[in-house]
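[1] could you look at this predicted model? Sequence included:
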Amino acid sequence: MGIVTVLWEKWVEFRRDFFKITAAALITPVMYLIIFGLGIQTTSHGEPYLHFLVPGVVAMSTMTGSFSAIAQNMSVQRLYEKALDQVMVSPTPLWQFILGQVIGGSLRGMYSGCMILLLTLPISTDLTFNWLSFVIMFLNGLVFSTIALVLSFLAKSYTDAPRYTSYIIMPMSFLCNTFFSTDQMPVGFRQVISFLPLSQSCDMIRKIANGESSGYIGFIILAAYLAIFGFISVMFIYKKKNL
Amino acid sequence: MIEIKDLTKKFGDFTAVDHLSMTINTGEFFGLLGPNGAGKTTTISMMSTVLLPSEGEILIDGKKLDRKASVEKRKLSVITQEYSMRQDMTMDEVMEYQGRLYFLPRKVIKQKTEELLDFAGLLEFRKRTVRHLSGGMKRKLMICRALMIEPEILLLDEPTAGMDALSRRQMWNLLRQVNVQNMTIVLTTHYIEEAQALCDRVALVNRGKLQKLDTPDNLIEELGAFAVDETGKEGLKSSYFKNRDEAIAYLSQAGQDATFRMTTLEDVFVDVAGQTLEKK
């Protein structure tokens, strides 16, 4: 029930800011697709680079969509508007509030990813996107929504949210199997990067897009991130003394 | 009944609330008074579970209040000092959000929203976002939001801050009305006359510690119901007397600029705050 309340709140926000949200979700990924995919026409593993790029940009969009939907919003609600106080004092179980935020954030990420897929439809890439691709996109969104929640509970000022984007989201966007394969990275660094959630999501969506099996390791890694950050965010909302 | 037991809140080395203990009876209009930084807002924040105590506990009808206590939290509603609302929601949406957070049926939410916004004179602005409301309208909306759930306990942190004299009096009347319905009200305020006019009992706190707790009349009686003010080189000095004759005798010996008046709760407040300051 509390989950529905949070999803309703997210829907109100989405409906009101529809054009702003859609534009923000599209501008950066579309630039990447135009510049790297259509502008600088090259090949990767003997295939047009666009085939490599599209799954990566889709995964990246779900990450940025989910993360920004929660990090920005929750930091402002908690530190500037103080609107989180209304939730804290209410009888809505706080774990339901967290779950609602995470699902809502993931749906926003899915929306961003789906917009990219729609935009690439006219370009003939022969890439496959099936139900499992959408499950991975949703799971990726859940992971980054929980990370965003934890960071927004740690934030000391609402201006911290853009900093988190610069420190976490921006490096992941470029390094995590999005624009180039992690195989090309030095040993050690490659292993670290490949264990990051976006690397796993990119890898699985790309494998499915190329008609291969996604495997299950990526799901386990994403589920582990989700469990860890989900647990921390629930602990914070129940136990953090000065929320 | 609210029982506050040994409540302490520390922020690093600073103790905002220091072993505060008191009991607030059901249906009581209770005032929490103190100068800036006395720990009033911190106490209200702990009573609404936004902050968790460093030590001690709060019991509501014998059950410990914490963030998991949904049954106890269902009884509570809070009006914070700041406008704690989503700035980009309309009044209707703010009310619906509140109703949903308290699991009210949609039909009840709609009906209550109409009633309360009409009562507060806000109905014609219901589609306006919070961002575009004046300070007074935001304050009224917060009251509508708090009353929507028909709470048993209403926590009010400086509810009339920034209001003009007329709006403040309207608010007093409204609070008296809801208190008559056996709602427990805990009020923090800077306006001492507000506490004197409304509260059954007041707690005077300073530097996080409880200094005095009694009815306004008893507190005034304890200090002395009659006051003589003298203006000297060191500024205004007030002397308090238990009976009128003593005060008049003092007045006749005092200088020409001395004046006689009845003691108010503000005198008690100044006396307590001043004493604590001297001790410090």
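    That came through fine.

[2] helix or strand next in line after the helix or strand bottoming out on mean pLDDT in chain A, which one?
    Least confident helix or strand, chain A: strand A:43-44 with a mean of 68, by mean pLDDT, DSSP states H and E. Sequence order places strand A:47-48 as the next helix or strand after strand A:43-44, per DSSP states H and E.

[3] and the stretch 101-250 of chain B, which residues reach chain A?
    For the stretch 101-250 of chain B, the contact set with chain A under Cβ under 8 Å from any Cβ of the partner chain comprises B:101-103, B:145. Every residue, glycine included, has its C-beta placed from N, CA and C.

[4] helices - which of those residues land there?
    In helices, defined here by DSSP state H, the members of those are B:101, B:145.

[5] ok, A:Leu142 touching A:Gln101?
    No - using Cβ atoms under 8 Å, A:Leu142 is not in contact with A:Gln101, being 10.5 Å away.

[6] before we move on, the earlier item: which two among the residues of the stretch 101-250 of chain B next to chain A are spaced furthest apart?
    Farthest-apart pair in these is B:Phe103 and B:Arg145; separation 15.3 Å (Cβ to Cβ).

[7] who wins for neighbours among the residues of the stretch 101-250 of chain B next to chain A?
    B:Arg145 (23 neighbours; other Cβ atoms under 10 Å in any protein chain shown).

[8] which of the residues of the stretch 101-250 of chain B next to chain A sits closest to chain A?
    B:Leu101 (3.9 Å; Cβ to the nearest Cβ).

[9] quick one: pLDDT of the closest residue in space to that closest one that isn't next to it in sequence?
    Leaving aside its chain neighbours, B:Leu101 sits nearest to A:Ser90 (3.9 Å; criterion: Cβ to Cβ, 6 or more residues apart in numbering or on different chains). As predicted, A:Ser90 sits at a pLDDT of 93.

[10] so who does A:Ser90 touch?
    B:73, B:98, B:101-102 (Cβ atoms under 8 Å, 6 or more residues apart in numbering or on different chains).

[11] what number of residues lie near the closest residue to B:Ala273 other than its chain neighbours?
    Spatial nearest neighbour of B:Ala273, excluding adjacent residues (Cβ to Cβ, 6+ apart): B:Pro35 at 5.0 Å. Other residues near B:Pro35 come to 18 when the count uses other Cβ under 10 Å.

[12] B:Pro35 in helix, strand or coil?
    Three-state assignment for B:Pro35 (DSSP: H, G, I helix; E, B strand; the rest coil): coil.

[13] ok, A:Ser213 - how many residues close by?
    Quick note: A:Ser213 (other Cβ under 10 Å) scores 9 neighbours.

[14] per-residue pLDDT, it?
    In this model, A:Ser213 carries a pLDDT of 89.

[15] and if you look at B:Lys279?
    53.

[16] ok, which stretches of the stretch 1-150 of chain B are helices?
    B:40-47, B:70-73, B:91-101, B:106-119, B:135-147 (DSSP state H, counting those that start in this stretch).

[17] nearest to A:Ile220, of those?
    helix B:70-73 (34.2 Å).

[18] now the closest one: buried residues?
    B:72-73 (16 or more other Cβ atoms under 10 Å in any protein chain shown).

[19] show me which residues of chain A sit near chain B.
    Counting by Cβ under 8 Å from any Cβ, the positions of chain A adjacent to chain B are A:1-2, A:4-5, A:8-9, A:12-13, A:16-17, A:77, A:81-83, A:85-94, A:237-243.

[20] just the buried residues of those.
    A:2, A:5, A:8-9, A:12-13, A:77, A:81-83, A:85-94, A:237-238, A:243.

[21] on that earlier part again, thinking the residue nearest to B:Ala273 is in contact with B:Asn206, fair?
    Yes - between B:Pro35 and B:Asn206 there is a contact at 6.3 Å, judged by Cβ under 8 Å.

[22] report the central residue of chain A.
    The structure's chain A has its C-alpha centroid closest to A:Met63; by Cα atoms, centre = their mean the separation is 1.7 Å.

[23] how about the nearest residue to that one, chain neighbours excluded?
    Here the residue nearest A:Met63, using Cβ to Cβ, 6+ apart, is A:Phe144, at 4.8 Å.

[24] hmm, that neighbour is touching A:Arg108, no?
    No - assessed by Cβ under 8 Å, A:Phe144 is found out of contact with A:Arg108, at 10.3 Å.

[25] give me the common contacts of those two.
    A:Ser66.

[26] neighbour count winner among these two?
    For A:Phe144 and A:Arg108, the more surrounded residue by other Cβ under 10 Å is A:Phe144, and the numbers stand at 33 against 26.

[27] distance check, that one against B:Arg176.
    In this view, A:Phe144 and B:Arg176 are 51 Å apart by Cβ to Cβ, to the nearest Å.

[28] now do the contacts for the nearest residue to B:Met95 once chain neighbours are set aside.
    Nearest non-adjacent residue to B:Met95, counting by Cβ to Cβ, 6+ apart: B:Thr113, 4.2 Å away. Listed by Cβ under 8 Å, 6+ apart, the contact partners of B:Thr113 are B:92, B:95-96, B:99, B:126, B:144, B:148.

[29] filter those down to just the buried residues.
    B:92, B:95-96, B:99, B:126, B:144, B:148.

[30] could those residues go into JSON lines alongside distance to B:Ala161?
    Formatted as JSON lines, these follow (distance: Cβ to Cβ, whole Å):
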{"residue": "B:Asp92", "distance to B:Ala161": "25"}
{"residue": "B:Met95", "distance to B:Ala161": "22"}
{"residue": "B:Glu96", "distance to B:Ala161": "26"}
{"residue": "B:Gly99", "distance to B:Ala161": "26"}
{"residue": "B:Arg126", "distance to B:Ala161": "24"}
{"residue": "B:Cys144", "distance to B:Ala161": "17"}
{"residue": "B:Met148", "distance to B:Ala161": "21"}
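
[31] can you list the weak-confidence ranges in chain A?
    A:37, A:41, A:43-45, A:124-125 (pLDDT under 70).

[32] cool, and chain B?
    Looking along chain B with the criterion set at pLDDT under 70, you get B:275-280.

[33] now for the helix or strand where A:Leu7 lies, which elements pack on it?
    Secondary structure from DSSP H and E places A:Leu7 in helix A:2-16. Here helix A:2-16 touches helix A:94-120, helix B:91-101, going by 3 or more Cβ pairs under 8 Å, 6 or more residues apart in numbering or on different chains; DSSP states H and E.

[34] quick one on the thing from earlier: highest mean neighbour count out of the helices of the stretch 1-150 of chain B?
    With neighbours defined as mean count of other Cβ atoms under 10 Å in any protein chain shown, the helices of the stretch 1-150 of chain B peak in mean count at helix B:40-47, which reaches a mean of 25.

[35] so what touches that helix?
    B:2, B:4, B:7, B:9, B:16-17, B:20, B:32-34, B:51-53, B:58, B:65, B:76, B:78, B:80-81, B:155, B:157-158, B:186, B:188, B:205, B:208.

[36] just the buried ones from those residues?
    B:2, B:4, B:7, B:9, B:16-17, B:20, B:32-34, B:51-53, B:58, B:65, B:76, B:78, B:80-81, B:155, B:157-158, B:186, B:188, B:205, B:208.

[37] among those residues, which ones are in strands?
    B:2, B:4, B:7, B:9, B:16-17, B:20, B:32-33, B:58, B:76, B:78, B:155, B:157, B:186, B:188, B:205 (DSSP state E).

[38] B:Thr184 is in contact with B:Thr23, isn't it?
    No - B:Thr184 is beyond contact range of B:Thr23, at 11.3 Å (criterion: Cβ under 8 Å).

[39] and for those two, which residues touch both?
    By Cβ under 8 Å, 6+ apart, the residues touching both B:Thr184 and B:Thr23 are B:Ile2.

[40] neighbour-wise, which of those two wins?
    Counting neighbours by other Cβ under 10 Å for B:Thr184 and for B:Thr23 shows that B:Thr184 has the greater number, 22 against 14.

[41] distance between the helix or strand B:Glu193 falls within and the chain's centre?
    B:Glu193 belongs to helix B:192-198 when assigned by DSSP H and E. The chain centre lies 10 Å from the centre of helix B:192-198; the measure is Cα atoms, centre = their mean, to the nearest Å.
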